[in-house]
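A.B. asks: Pasting a predicted model and its sequence here:
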Amino acid sequence: MRRSTVKELFTDREVNTDVLLKGWVRTKRGNKQVAFIAVNDGTIIHSIQVVADTDKFSEELLKNVTTGCSLAVQGKLVESMGKGQKVEILAESIEVLGKSDPEVYPLQKKGHSFEFLREIAHLRFRTNTFGAVFRIRHALAFAIHKYYNDKGFFYLHTPIITASDAEGAGEMFKVTTLNLDNVPKNEEKKVDFTKDFFGRPTNLTVSGQLEGELGALALSSIYTFGPTFRAENSNTPRHVAEFWMIEPEMAFCDITDNMDLAEDFLKYLIDYVMKNCKDDLEFLNNMVDKELLERLQFIVDNDFVRLKYTEGIELLKKSGKKFDFPVEWGLDLQSEHERYLVEEEFKKPVILTDYPRDIKAFYMKQNDDGKTVRAMDVLFPRIGEIIGGSQREEDYDKLVARMREMDIPEEELWWYLDTRKFGTVEHSGFGLGFERLLMFVTGMTNIRDVIPFPRTPNYAEF
RNA sequence: UCCUCAGUAGCUCAGUUGGUUAGAGCGCCGGACUGUUAAUCCGUAGGUCGAAGGUUCAAGUCCUUCCUGGGGAGCCA
């Protein structure tokens, strides 16, 4: 007999038919006459109840049915006699596929702290919360591809190992095959990278943007969706050393088009998840964050505020609020400032644009005022900056001048500059942190709980 | 990296101004119960009090250093 998933049993299968179920036991209850076994196979948040008459099964067998073990159950799908579920399986045969010693199995029926579950990240998939989170993670990844595919964007695979060190998005992890116990040195007593695998220093990418621009300046619209790496010693609930980023890049597109896309994209994704992950979101709304669904709906229903950095500074100064950090034109906004604008002043997402050039990256398009660049940050309640992007500088001379001012080696980015030499066009793009979005969508408050295997300073278990 | 709070049973925690043999709930195990829903009721087992030093007649409790975790900050996505 073909196995039915729990999802199929709840949605597709007719009652009073014979079914085969396979899954893992969540709980077992009962008495001398009957045992109730909740079985979950991860296809859906709900577990299905298996009812076993004790006179049909040996004591030995039922003894091995413990929390965490895997089972194959053949039986009849019937309407439940008890309250709490519509259908259940009346077991005719039960096979324990893999035992689970209850003395040492770490998951119990009662809830665990997320901190504890992080220490058993290899088993936390078997909890309701993490099942929900990782099903939603999948749905969101799928929705991202669907969104861009439907819009005619091409999925571009930018390199994970990169030789350019110029992006400036943060500390990079070195990639090398050199023997660290005996590193070859050159005449200047520096590391001789000509002996290394690539014959030059290489790192893990911090962003696919520069390569993404190359694609967009030929294919019109591309997006990347892949892992990125930051070797920063950041210890916060919003940072990991390895995370996934989505970076669309569009030719013939200015900052307004860019903002429109960012807003439409975020709303689409949230709407998609609300329509396709109802059960999981409802569970999270009940167990993790009581305002989750309300907040998600609010994002979909409301326009984002669009505000220039200069106006933002004025609002902060006028607010009369005491901040720990100074508010002054030319200084970057601190978390507390962003939070004030999003959570108190407007109470909705804010897109801040036209930041001072000196606090932003070299590639951003310079405005005519000579002071600001066409940067845009999308700020969300609770998590802060969820998107960072800009219109790119397409003018060769302006771009080179800016690189020289900021000491960025032109020879290393000769290929990037070539696109401005040969048929340059207006173009824009942004980067969305996948895990940050997932935090917002699931209500989880620690980024380590929305990525299956988090990598943080001093931690790379599993 | 800085600030701050915490680390006691498998999990979540309590533990008085330092004072006898270290406490609970849940889980596990054993028992009871004719349909349970994080079942209920009874009982048993389970501890190098994060680690190392120190103060003291006496340290889970005070001091020092280190380790680990949470929250906040910086860096950013």
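C.D. replies: Good, I have the coordinates.
A.B. asks: for residue A:223, helix, strand, or coil?
C.D. replies: For residue A:223, the secondary-structure state derived from DSSP: H, G, I helix; E, B strand; the rest coil is strand.
A.B. asks: check contacts around it.
C.D. replies: Remark: with contacts taken as Cβ atoms under 8 Å, 6 or more residues apart in numbering, residue A:223 is in contact with A:144, A:148, A:153, A:154, A:155, A:156, A:212, A:246, A:247, A:248, A:249. Just so you know, the C-beta spots here come from the backbone N, C-alpha and C atoms, and that holds for glycine as well.
A.B. asks: what's the answer for residue A:302, then?
C.D. replies: Applying Cβ under 8 Å, 6+ apart, one finds that residue A:302 lies in contact with A:348, A:349.
A.B. asks: any idea how far residue A:317 is from it?
C.D. replies: Applying Cβ to Cβ, to the nearest Å, the value for residue A:302 to residue A:317 is 26 Å.
A.B. asks: just residue A:162 next, same as before
C.D. replies: If you measure residue A:162 against residue A:317 using Cβ to Cβ, the figure is 41 Å.
A.B. asks: higher neighbour count, the two?
C.D. replies: When neighbours are counted by other Cβ atoms under 10 Å, residue A:162 and residue A:317 differ, and residue A:162 comes out ahead with 20 against 13.
A.B. asks: Quick one: neighbours of the nearest residue to the more buried one once chain neighbours are set aside, just the number.
C.D. replies: Sequence neighbours aside, residue A:205 is the residue nearest to residue A:162 in space, at 4.7 Å (criterion: Cβ to Cβ, 6 or more residues apart in numbering). Neighbouring residues of residue A:205 were enumerated by other Cβ under 10 Å; the total is 27.
A.B. asks: before we move on, what about the one 10 residues further on?
C.D. replies: By other Cβ under 10 Å, 21 other residues sit near residue A:215.
A.B. asks: Domain map for chain A?
C.D. replies: Using automatic domain parsing, the domains assigned to chain A come out as A:3-105, A:126-170+A:206-449.
A.B. asks: and the end-to-end length of the longest one?
C.D. replies: Using Cα to Cα, to the nearest Å, the end-to-end distance of domain A:126-170+A:206-449 comes to 14 Å.
A.B. asks: and what of the first one?
C.D. replies: Counting by Cα to Cα, the length from the leading to the trailing residue of domain A:3-105 is 26 Å.
A.B. asks: What about contact with RNA strand B: does it have any residue there?
C.D. replies: Yes: residues of domain A:3-105 contacting RNA strand B under Cβ under 7 Å from any atom of the strand: A:27, A:29-34, A:36, A:49, A:51, A:63, A:66-67, A:80-85, A:88, A:90, A:102-103.
A.B. asks: Okay, helices next: where are they in the stretch 1-150 of chain A?
C.D. replies: Using DSSP state H, counting those that start in this stretch, the helices found in the stretch 1-150 of chain A span residues A:6-11, A:59-64, A:114-119, A:128-150.
A.B. asks: TSV for the ones you listed, including mean neighbour count and mean pLDDT?
C.D. replies: As requested, the helices of the stretch 1-150 of chain A are arranged in TSV below (neighbours: other Cβ atoms under 10 Å; pLDDT from 0 to 100):
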stretch	mean neighbour count	mean pLDDT
helix A:6-11	17	94
helix A:59-64	12	90
helix A:114-119	15	94
helix A:128-150	18	97
